[in-house]
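Colleague: quick one: sequence plus predicted model below, questions after.
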Amino acid sequence: MATLEFLYPEWAAPPGVRAAMTTRPGGVSREPYASFNLAQHVGDEPAAVAENRRRLRAALELAAEPTWLDQVHGARVAVLPSAGEGPADGVVTFERGTVCAVLVADCLPVFLASRAGDRVGIAHAGWRGLVAGVVEATIAALDCEPAELVAWLGPSIGRDAFEVGGEVREAFLTGDPGAAAAFRAGRGDRWLADLPALARRRLAAAGVDAVTGCDLCTHSDPASFYSYRRDGATGRMAALAWLA
């Protein structure tokens, strides 16, 4: 049986801040969700997802089940443990033992934590979420000076694989003409977008300057990552953050 494999942020967060990113190996789900799928909404067997989530809690020694959001590529932020009503694509907490979680399979997970170690959050940042302002909304929900935050960008679809239409480019350039630097010409009238670079611009504009990232492409590594753009029917990885 394959073992679970995690990515851990390399950032300047204090020891009390814990965070991890799951990868694909080590679970019980069968194709096309093989093997460590953590999403209930993709068509996988509920029993397989439940077992994968049990393994997740055991491996990371989580004190509680992560709060799983209803994600819609928007900008609403859930403040845990009282998540409130409706979907959310950002999540923050100020309470120890409460586990924030975001599911991804090409979209960019943006981890955020305070240098003081008293608050943590994650934004689910695909292109729609970035345009909608999910990064800025998550920063605002953390309720501290942006300069006191550190950020880590997890794996996402890479700049050589993320092909978009001109309307996506225009959506970014409308509010930030300098975002043109994150796009390069693709096939025909298409563009290749650098999702982490676009997120970095948003973070910088909001005042978060301590930003690191893993620069791993979900689309190009099927052994390690799920990719909706690559496979269509597929599982989801989880980005998790909590205060120990």
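Modeller: Arrived safely. Residues are numbered from 1 along each chain as shown.

Colleague: helix or strand: which one has the residue lying closest to W68 once chain neighbours are set aside?
Modeller: What sits nearest to W68 in space, not counting adjacent residues and going by Cβ to Cβ, 6 or more residues apart in numbering, is A101, at 5.9 Å. Every residue, glycine included, has its C-beta placed from N, CA and C. Element membership of A101 [criterion: DSSP states H and E] is strand 99-104.

Colleague: which other helices and strands does that strand contact?
Modeller: Judged by 3 or more Cβ pairs under 8 Å, 6 or more residues apart in numbering; DSSP states H and E, strand 99-104 is in contact with strand 90-93, strand 120-125, strand 237-243.

Colleague: go through those strands and pick out the most buried.
Modeller: Neighbour counts (mean count of other Cβ atoms under 10 Å) averaged over each of the helices and strands packed on strand 99-104 peak at strand 120-125, with a mean of 30.

Colleague: and the angle from that strand to strand 237-243?
Modeller: For strand 120-125 against strand 237-243, the angle by axes from the mean of the first three to the mean of the last three Cα atoms, to 10 degrees is 160 degrees.

Colleague: shouldn't A141 be within a strand?
Modeller: No. A141: not assigned to a strand; according to DSSP: H, G, I helix; E, B strand; the rest coil it is helix.

Colleague: go ahead and confirm it touches R76.
Modeller: No. Using Cβ atoms under 8 Å, A141 is not in contact with R76, being 9.6 Å away.

Colleague: where does pLDDT dip in this protein?
Modeller: 1 (pLDDT under 70).

Colleague: which residues of it fall in strands?
Modeller: Under the criterion DSSP state E, the chain contains strands at 6-7, 17-22, 77-80, 90-93, 99-104, 108-114, 120-125, 149-153, 163-164, 183-185, 191-193, 210-213, 237-243.

Colleague: any idea which of the ones you listed is most buried?
Modeller: strand 120-125 (a mean of 30).

Colleague: show me the contact partners of it.
Modeller: Contact with strand 120-125 is made by 13, 17, 19, 69, 71, 73, 77, 89-93, 100-104, 107-114, 129, 134-135, 137-138, 141-142, 195, 199, 239-243, as judged by Cβ atoms under 8 Å, 6 or more residues apart in numbering.

Colleague: re the thing from before, okay, the strands of the chain in CSV with distance to H41 next?
Modeller: Putting the strands of the chain into CSV (distance: least, Cβ to Cβ, whole Å) gives the following:
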stretch, distance to H41
strand 6-7, 22
strand 17-22, 16
strand 77-80, 17
strand 90-93, 17
strand 99-104, 9
strand 108-114, 17
strand 120-125, 14
strand 149-153, 24
strand 163-164, 24
strand 183-185, 31
strand 191-193, 25
strand 210-213, 27
strand 237-243, 13
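
Colleague: now the helices and strands packed on strand 99-104 in a markdown table, with distance to A147?
Modeller: Formatted as a markdown table, the helices and strands packed on strand 99-104 follow (distance: least, Cβ to Cβ, whole Å):
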| stretch | distance to A147 |
| --- | --- |
| strand 90-93 | 17 |
| strand 120-125 | 16 |
| strand 237-243 | 20 |
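
Colleague: closest one to G188 among those strands?
Modeller: G188 lies closest, by Cβ to Cβ, to one member of the helices and strands packed on strand 99-104: strand 120-125, at 26.7 Å.

Colleague: what's the angle from the closest one to strand 99-104?
Modeller: 10 degrees.

Colleague: partner strands of strand 120-125 and their direction?
Modeller: strand 90-93 (antiparallel), strand 108-114 (antiparallel) (DSSP bridges).

Colleague: measure the residue of the chain most remote from its centre to G166 for me?
Modeller: Computed with Cα atoms, centre = their mean, the residue of the chain farthest from its C-alpha average is G188, at 30.1 Å. Between G188 and G166 the distance is 10 Å, computed by Cβ to Cβ, to the nearest Å.
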